[in-house]
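J.: The following comprises the amino acid sequence and a computationally predicted model.
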Amino acid sequence: MISDIFNLAFLTGLIGATLRMATPIIFATLGEIISERSGVLNLGIEGTMLMGAMTGFLVTLITGSQWLGVFTAAIAGILLGLLMAFLAVYLGLSQHVSGLGITLFATGLSMFIYRLKVGSPTVPPTVDPFKKVVIPVLSDIPVIGSSIFSSYLLTYIAIILIPLVSLLLYKTKVGLKIRTVGANPFAADTVGVNVNLLRTLCLMTGGALMAIGGSFLTLAHQNMFLIDVVGGRGWIAIAMTIFGNWDPVKGAAGALIFGVLDGFQLRLQALGFRIPFHIFLMIPYLITIVALVSVSRKATVPASLLKPYRREEKGS
Amino acid sequence: MKPIVKRMVSISIILLLTMVSSSLVFAGGAKETKAEKKVLIAMATDIGGLGDKSFNDGSWAALEKARDELGVEIRVVESKQMTDYVPNLSGLAEDGAALVFAVGFLMADAIVESAKMNPDTYFAGIDIFLDPETAPKNAVGILFKEEESGYLAGIVAGLLTKKYANIDPRLNDKNVIGAVLGMDIPPVERYQAGYYAGAKAVNPDCEVISVVTGSFNDQAKGKEATLALAEQGADIVFQIAGLTGLGVFTGAKEANILAIGVDVDQAYLAPDTIITSAEKGITQAGFLTIKDVVEGTFEGGKNLTFGIKEKSTGISPFHNFEDKIPQEVKDALNKAIEDMKAGRIKVPQSRKEAGYMQ
């Protein structure tokens, strides 16, 4: 049995599964990192992903274009980001309450719109999902060829976004401003950065990424919308943000590790190990918790995370 | 604005949003027919909600059948999370329902609690076992012999995976079949135990592998579990996973293997992938219970078990596969059905009885 683990088909399957499972979480984690780096914890993530999954699915169902679906999902995510900004940035409400409120609201709204349009038919409508994009030459490499280089375009985009978001945050002026706004908004304000505007923009960008992550579930991995399609992946992304110490590369690495563990435990079960399956089911979450505990000791939280910025309350 | 005013405004906005969202959920879920002082029969779904193509829809069909044939008024409320169970069940009782269905094993505690709070309303729990010692007198548990349906599915899979692998190019030469489970609850385990026993009865060397996903609502995980089983050589996968199972069908399509549906005839979901479905007649059992209430013969405080004798478990037609399935498979099924009816086969109800791993 042990030899089964290390054969090539097993590895190929595992790598493919890892990427599929990790893609939505990578998108969402990057979105959350951008938001939190600017000082706003967006717990609306789970609802935003569901909204993206629903919007992307419905638009594709109506127009037949998956890309239009992804685009509209991003718009929906931007709007929810805007709503979050209104509550948490301009009104300065508790970020926890506003975020959870948005998740509740977006969940209800997604279900409502879907029911309004589709009803509850005996056969759930399906769309033509994205096809896998096989990259010539590279896809001929054994193992990684038929797994990594035969993925969905959205997966490639997620991977490319990891260094891009990292560059944005660490190597550009905007990135410096975002990090300053998240660490010391008073200093940023002093040098003429519009704190609330920048936080709003970060929430909108983050919302778009979360929603695109959601749309991956209904337009690539699956081809139909179900009420619980996101299934807690937004909360995993929150954990990955902390796990990655608010760093895009480390956060995305966390998402990939989670994907590996999940793909691995499914395969261990399929191999028929005589161990209670509960242990397998626990593996990804258990290791995430262990990692969180060990990492968070050294975590450097953006200093102004959870603190709304009000110029008049300076120094208080 | 003064900070206090601002805070009041913002708090009211949050409250409004929450209310809007919860009312949206309700508006999306509630269905009503015209009220003319008819007997009201109601149900509360499990988290999967209507549209699960499985036991929630099957129960709703029982209510619809009763509306058409017995002229009762019907109503459904969908549960979004486990904490909704008791409010939903009690709420329906307070609406004046004569009988309230709680759909799904997970509502076991909620139905007992609600039945005690509303002694004038009858409750019926689908897939719920009530402890006969303590069960409220106004509640019944409706159980099924899922192992019988699973056994029949196992016979089909066990014969096709090896002996008749030539009937479809998607069947490989390996003697392996698989199952994807949702949460590991008793009805699911009964299906699985029966499936294992059925396959072993016709094909003793057959390897039966299974993956527990831990969820009835995670389509993506259902798909990944199926791909993992296919990698191990399984060419037929039995889904016992509710909505997670819809991912089993997409996964089976992608891995180019075959699948078996569950609870209701699911062939229409993927006509070229689903050979058959292991059914349980929730609609029939639910309808009979409603009839008891309407006719005043309802008797609570016990469990009713529905099986192949009551025409409440069984296997679906083969539909698109009808012409491909060899006569021997059909004969084996008919024989097993007769044997189970006559009590000549005792199908195991748990993995332990079946001698399956773990």
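T.: Good, I have the coordinates.

J.: Smallest gap between the stretch 51-200 of chain A and chain B, at which residue?
T.: When scored by C-beta to the nearest C-beta, the stretch 51-200 of chain A has A:Gly108 as its residue closest to chain B, at 3.4 Å. In this view, the C-beta of every residue, glycine as well, is placed from N, C-alpha and C.

J.: Could you list the buried residues of the helix or strand hosting that residue?
T.: When elements are assigned from DSSP states H and E, A:Gly108 belongs to helix A:95-118. Using 16 or more other C-beta atoms under 10 Å in any protein chain shown as the test for burial, helix A:95-118 gives A:95, A:97-115, A:118.

J.: For the stretch 201-316 of chain A, list the residues in contact with chain B, please.
T.: A:217, A:221-224, A:226-229, A:231, A:262-263, A:266-267, A:269-272, A:274-278, A:280-281 (C-beta under 8 Å from any C-beta of the partner chain).

J.: before we move on, what about the stretch 51-200 of chain A?
T.: Residues of the stretch 51-200 of chain A found near chain B (C-beta under 8 Å from any C-beta) are A:87, A:91-93, A:97-98, A:101-102, A:104-109, A:111-112, A:115-116, A:120-124.

J.: Try it again at 6 Å.
T.: By the rule C-beta under 6 Å from any C-beta of the partner chain, the part of the stretch 51-200 of chain A lying against chain B is A:Leu91, A:Leu93, A:Gly101, A:Leu104, A:Phe105, A:Gly108, A:Leu109, A:Met111, A:Phe112, A:Arg115, A:Ser120, A:Val123.

J.: Can you pull out the low-pLDDT segments for the stretch 1-150 of chain A?
T.: Low-confidence segments of the stretch 1-150 of chain A (pLDDT under 70): A:1-6, A:122.

J.: For it, which segments count as helices?
T.: Assigned by DSSP state H, counting those that start in this stretch, the helices in the stretch 1-150 of chain A fall at A:2-5, A:8-37, A:45-63, A:66-84, A:95-118, A:144-147.

J.: Can you verify my assumption that A:Gly244 contacts A:Gly251?
T.: Yes - contact criterion C-beta atoms under 6 Å: A:Gly244 and A:Gly251 qualify, at 2.9 Å.

J.: Roughly how far does A:Leu292 sit from chain B?
T.: 20 Å (C-beta to the nearest C-beta, to the nearest Å).

J.: Can you say which helix or strand has that residue in it?
T.: In the assignment (DSSP H and E), A:Leu292 maps to helix A:277-296.

J.: what's the burial count for the spatially closest residue to B:Phe129 that is not a sequence neighbour?
T.: Of all residues not flanking B:Phe129 in the chain, B:Gly141 sits nearest, at 5.1 Å (C-beta to C-beta, 6 or more residues apart in numbering or on different chains). For B:Gly141, the tally of surrounding residues (other C-beta atoms under 10 Å in any protein chain shown) stands at 26.

J.: and what of B:Leu333?
T.: For B:Leu333, the count of nearby residues is 21 (other C-beta under 10 Å).

J.: got a list of contacts for stretch B:219-236?
T.: Applying C-beta atoms under 6 Å, 6 or more residues apart in numbering or on different chains, the external contacts of stretch B:219-236 come out as A:9, A:13, A:17, A:221-222, A:226, A:266-267, A:270, B:157, B:161, B:171-172, B:174, B:176-178, B:180, B:209, B:211, B:213, B:237, B:241, B:244-248, B:250-252, B:255, B:257-258.

J.: Just the buried ones from these?
T.: Buried members of those, scored by 16+ other C-beta under 10 Å, are A:13, A:17, A:221-222, A:226, A:266-267, A:270, B:157, B:161, B:171-172, B:176-178, B:180, B:209, B:211, B:213, B:237, B:241, B:244-248, B:250-252, B:255, B:257-258.

J.: Restricted to helices, list those.
T.: A:13, A:17, A:266-267, A:270, B:157, B:161, B:244-248, B:250-252, B:255 (DSSP state H).

J.: And those residues, which is closest to A:Gly77?
T.: Taking C-beta to C-beta as the measure, A:Gly77 lies nearest B:Gly247 of those, at 23.9 Å.

J.: May I ask you to confirm that B:Ala193 is in contact with B:Lys352?
T.: No - at 8.4 Å, B:Ala193 and B:Lys352 do not qualify as touching, with contact defined as C-beta under 6 Å.

J.: now the helices for chain B?
T.: Using DSSP H, the helices assigned to chain B run over residues B:3-29, B:55-70, B:85-94, B:108-117, B:146-161, B:186-202, B:219-231, B:244-255, B:282-295, B:327-342, B:351-354.

J.: Out of those helices, which is the most enclosed?
T.: Among the helices of chain B, helix B:146-161 has the highest mean neighbour count (mean count of other C-beta atoms under 10 Å in any protein chain shown), at a mean of 30.

J.: give the contact list for A:Leu169.
T.: So, once contact is read as C-beta under 6 Å, 6+ apart, A:Leu169 ends up touching A:Gly175.

J.: host element of it?
T.: Using DSSP H and E, A:Leu169 maps to helix A:153-171.

J.: What is the neighbour count of the spatially closest residue to A:Phe225 that is not a sequence neighbour?
T.: The spatially closest residue to A:Phe225, leaving aside those adjacent along the chain, is A:Phe57, at 4.1 Å (C-beta to C-beta, 6+ apart). Neighbour count of A:Phe57, defined by other C-beta under 10 Å: 32.

J.: repeat for B:Asp323
T.: 7.

J.: That one and chain A: what is the separation?
T.: Counting by C-beta to the nearest C-beta - B:Asp323 and chain A are separated by 23 Å.

J.: ditto for B:Asp127
T.: According to C-beta to the nearest C-beta, B:Asp127 and chain A sit 19 Å apart.

J.: if I look at the closest residue to chain A within the stretch 201-350 of chain B, how far off is B:Asp46?
T.: Here the stretch 201-350 of chain B gets closest to chain A at one residue, B:Asn217, 3.6 Å apart by C-beta to the nearest C-beta. Distance of B:Asn217 to B:Asp46, computed by C-beta to C-beta, to the nearest Å: 10 Å.

J.: go on, A:Ala252?
T.: Between A:Ala252 and B:Asp46 the computed distance is 35 Å (C-beta to C-beta).

J.: For the most centrally placed residue in chain B, give me its contacts.
T.: Centroid-nearest residue in chain B, with C-alpha atoms, centre = their mean: B:Phe55, separated by 3.7 Å. Counting by C-beta under 6 Å, 6+ apart, B:Phe55 touches B:Asp263, B:Ile282.

J.: now it: how far from chain A?
T.: 14 Å.

J.: what about that residue, distance to B:Gln349?
T.: Between B:Phe55 and B:Gln349 the computed distance is 18 Å (C-beta to C-beta).
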